[in-house]
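K.L.:
From the sequence below, what's the structure:
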Amino acid sequence: QLQLVESGGGLVQPGGSLRLSCAASGSTFNTYIIAWFRQAPGKEREGVSCISRGGGAPKYADSVKGRFTISRDNAKNTVYLQMNSLKPEDTAAYFCAADPKVKLVCSRSPSDYNFWGQGTQVTVSS
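P.N.:
Alright, predicted model coming up:
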């Protein structure tokens with residue numbers, strides 16, 4: 001069983017930056033694909049980014065390409081989401097999730113993920 005805890009959310013002005021962290025415990029972290037999702041009120045959960053077990057071949061939603069960067073440090077059991085040039089439409093609860101299945105590429109579909117954190121709120125507003 002894997003436990004995930006997100007941190008790093010908060011209130012930031014448009015154009016600002018935040019770095020989210022997803023800390024894992026309870027299992028072998030480097031055997032999991034990790035993804036970041038977000039959900040705004042009244043909207044469906046959106047796959048923001050995902051990263052493979054070894055840290056390669058990340059994927060991004062078109063809405064965040066060039067602004068967000070996902071990375072992982074398997075020695076620290078942590079995945080990061082660096083968010084730059086934030087926009088009001090980035091406002092949402094952000095969740096990290098883990099997929100234990102062996103895959104060549106990661107997925108941004110929520111149904112592929114078995115373990116979820118509780119989320120951290122990101123609010124972009126002036």
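K.L.:
Run through the bridge partners of the residue nearest the centre of the chain.
P.N.:
The centroid of the chain falls nearest to residue 36 when counting by CA atoms, centre = their mean (2.1 Å). Beta-bridge pairing of residue 36 under DSSP bridges involves residue 49, residue 96.
K.L.:
Over to residue 81?
P.N.:
Assigned bridge partners for residue 81, using DSSP bridges, are residue 20, residue 70.
K.L.:
now it: how far from residue 42?
P.N.:
23 Å (CB to CB, to the nearest Å). C-beta here means a position set from N, CA and C on the backbone, and glycine is covered the same way.
K.L.:
Neighbour count: those two, which is higher?
P.N.:
More crowded of residue 81 and residue 42, by other CB atoms under 10 Å: residue 81, with 26 against 5.
K.L.:
residues contacting the more buried one?
P.N.:
With contact set as CB atoms under 8 Å, 6 or more residues apart in numbering, residue 81 has these partners: 19-20, 22, 36, 48-49, 68-70, 94, 96.
K.L.:
make it 6 Å
P.N.:
20, 36, 70 (CB atoms under 6 Å, 6 or more residues apart in numbering).
K.L.:
And the pLDDT for the closest residue to residue 48 other than its chain neighbours?
P.N.:
What sits nearest to residue 48 in space, not counting adjacent residues and going by CB to CB, 6 or more residues apart in numbering, is residue 36, at 4.5 Å. We have a pLDDT of 98 for residue 36.
K.L.:
circling back: between the contacts of residue 81, which is closest to residue 11?
P.N.:
Taking CB to CB as the measure, residue 11 lies nearest residue 20 of these, at 13.8 Å.
K.L.:
count of neighbours near the closest one?
P.N.:
Neighbour number of residue 20 under other CB under 10 Å is 24.
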